[in-house]
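In: task: produce atomic coordinates for the following.
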Amino acid sequence: MKQEAMDNGLAGDAAFVSLIETYEARVLRYVTRLVPDVEDARDLTHEVFLRAYRRKVTLRSHGSVASWLFAIASNIVRDYHRRRRRVLSFVPFSAWREAGEAAADGAPADDGADTVARVMARMPGEMVQCLVLHEVEGFTSIEIAAVLGIRPEAVRQRIVRARKRFRELYVEMGGGPT
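Out: This next block holds a predicted model:
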């Protein structure tokens with residue numbers, strides 16, 4: 001999507017439709033990794049774009065379209081878990097890297113992926129968010145900082161700690177050496 005259309009605050013419906021077409025699959029993959037139920041993830045993804053449309057004028061102050069949408073998605077997922085007081089559970093890590101689209105469609109996980117899912121469920125949500133945004137979605141620490149509203153140094157620390165904690169838990173739960 002051209003930045004000029006975004007500078008106009010997504011003034012036209014065509015510009016917003018283009019934004020949805022460009023980012024919907026990525027946002028859905030991200031939300032699906034953070035929400036255990038695929039239908040809930042789809043509903044929350046729709047909510048991301050509804051909220052984005054209502055708040056399109058705030059994009060100018062945010063900068064990047066992707067980080068703006070992922071910030072909205074992160075807040076919606078956080079609210080979802082807070083409302084339901086659930087422990088975060090996640091789609092398997094191996095599926096994130098190799099088959100994110102299949103995971104978003106509810107494809108079954110393999111045996112090793114079950115171990116990964118259990119490991120991720122035991123990790124703090126803040127660490128997992130940084131890990132997903134960095135390793136799977138390809139965001140830089142500066143972009144993740146904008147999405148989560150924290151300092152880039154904090155993002156880098158969370159990623160390092162998340163990788164270390166993941167390896168420890170994975171071995172502990174019988175996943176073998178990483």
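In: which residue is nearest the middle of this protein?
Out: Closest residue to the average C-alpha location of the chain: residue 30 at 3.3 Å, with C-alpha atoms, centre = their mean.
In: wait, that one sits on residue 133?
Out: Yes - between residue 30 and residue 133 there is a contact at 7.4 Å, judged by C-beta atoms under 8 Å. The C-beta positions use only the backbone N, C-alpha and C, and glycine is treated the same way.
In: what touches both of those two?
Out: residue 70 (C-beta atoms under 8 Å, 6 or more residues apart in numbering).
In: return the helix or strand in the protein with minimum mean pLDDT.
Out: The helix or strand of the chain with the poorest confidence is helix 3-7; it has a mean of 42 (mean pLDDT, DSSP states H and E).
In: what helices and strands are in contact with the next helix or strand after it?
Out: On the C-terminal side of helix 3-7, the closest following helix or strand by DSSP states H and E is helix 13-34. If contacts are counted by 3 or more C-beta pairs under 8 Å, 6 or more residues apart in numbering; DSSP states H and E, helix 13-34 sits against helix 3-7, helix 38-54, helix 65-84, helix 93-104, helix 125-131.
In: residue 173: which of the ones you listed is closest?
Out: Closest to residue 173 of the helices and strands packed on helix 13-34 is helix 93-104 (C-beta to C-beta; 12.4 Å).
In: average pLDDT for that closest one?
Out: Mean pLDDT, helix 93-104: 46.
In: over to stretch 148-167?
Out: On average, stretch 148-167 scores 92.
In: buried residues in it?
Out: Of the residues in stretch 148-167, 148, 150, 155-156, 158-159, 161-163, 165-166 count as buried by neighbour count, 16 or more other C-beta atoms under 10 Å.
In: right, I'll leave it there.
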